[in-house]
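Colleague: Here is a sequence together with a model predicted from it:
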Amino acid sequence: MRKLLDGVYIGSGLLSAGLIAAICLLVTGQVLLNLITKFGPFDVNLTIPSYADFAGYMLAASSFLALAYTLTRGGHIRVTMLLNTVPARLRLVSEVACLALGAATAGFASYYMYLLTHESFEFGDMSSGIIAIPLYIPQSVVCAGLVILTGALIDLTVRTVRAGRPMLIQTSTE
C-alpha cells in the first residue's frame with residue numbers, strides 16, 4: 001500500500017511538472033508567433049487560439065496536482081518557531097490535530113469541487129474562449145488533485161499516530 005500511495009504522489013507531481021512544461025511551450029510558441037507577426041514578412045496576425053485559456057487551465061491543474069507531492073516531501077511552508085519550544089508530546093498532538101483538520105478541509109473542498117464538476121458536466125458548461133472547452137475537464141483535474149491531497153493528509157495523519165512522533169515538524173534538536 002505504501003508503494004501505491006507514494007506512486008500516486010509521485011505521479012501527480014510528475015503530471016504537474018509536465019503541465020508546467022506544457023505551459024512554457026505554449027507561451028513560448030505564442031511569443032514566437034507574435035515576433036513573426038511583428039517582424040516577419042507576413043501581413044497576418046498569427047495566434048494560438050485560446051492559448052491563455054489553455055495556459056490558465058493547465059496552471060490550475062498543475063497547482064492542485066502538486067499539492068500532495070509537495071506535502072509528502074516536506075515542501076510546504078510551516079511555522080515551527082513556537083512548536084520547537086514545546087514538549088514533544090504537545091508537538092505530536094499539534095501535528096495530528098493540524099493534519100486531521102487539513103484532511104477534513106481538503107475533503108470538504110474535494111466534495112464541493114466534485115459537485116461543481118458534476119454540475120458543469122450535466123449542464124454542458126463550456127468555456128467562452130475561441131475554442132470552447134467543456135469546463136468539467138479542467139475541473140475534474142482540480143478535483144483529482146484535491147482528492148489526492150485529502151488522501152495524503154489522511155495518510156500522514158495515520159502514519160504520525162502510528163509512529164508516535166511528528167512526521168512533518170522538523171525541530172532544531174532532530
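Modeller: Arrived safely. Residues are numbered from 1 along each chain as shown.

Colleague: three-state assignment of the residue of the chain positioned farthest from its centre?
Modeller: Using C-alpha atoms, centre = their mean, the residue of the chain lying farthest from its centre is Pro41. It sits 42.3 Å away. Per DSSP: H, G, I helix; E, B strand; the rest coil, the local secondary structure of Pro41 is coil.

Colleague: pLDDT at it, what is it?
Modeller: The per-residue pLDDT reported for Pro41 equals 79.

Colleague: next one: Ile169
Modeller: On pLDDT, Ile169 comes in at 55.

Colleague: picking up where we left off before, now the residue farthest from the centre of the chain: phi and psi?
Modeller: phi -80, psi 0 (degrees, to the nearest 10).

Colleague: hang on, Val44 in a strand?
Modeller: No - counting by three-state DSSP, one finds Val44 to be coil, located in no strand.

Colleague: if I look at the residue farthest from the centre of the chain, how far off is Ala144?
Modeller: For Pro41, the distance to Ala144 equals 46 Å [C-beta to C-beta, to the nearest Å]. Every residue, glycine included, has its C-beta placed from N, CA and C.

Colleague: same check, this time on Gly124
Modeller: From Gly124 to Ala144 the distance is 21 Å (C-beta to C-beta).

Colleague: phi, psi of Pro134?
Modeller: According to degrees, to the nearest 10, Pro134 has phi -60, psi 120.

Colleague: Tell me, how many residues neighbour it?
Modeller: 14 (other C-beta atoms under 10 Å).
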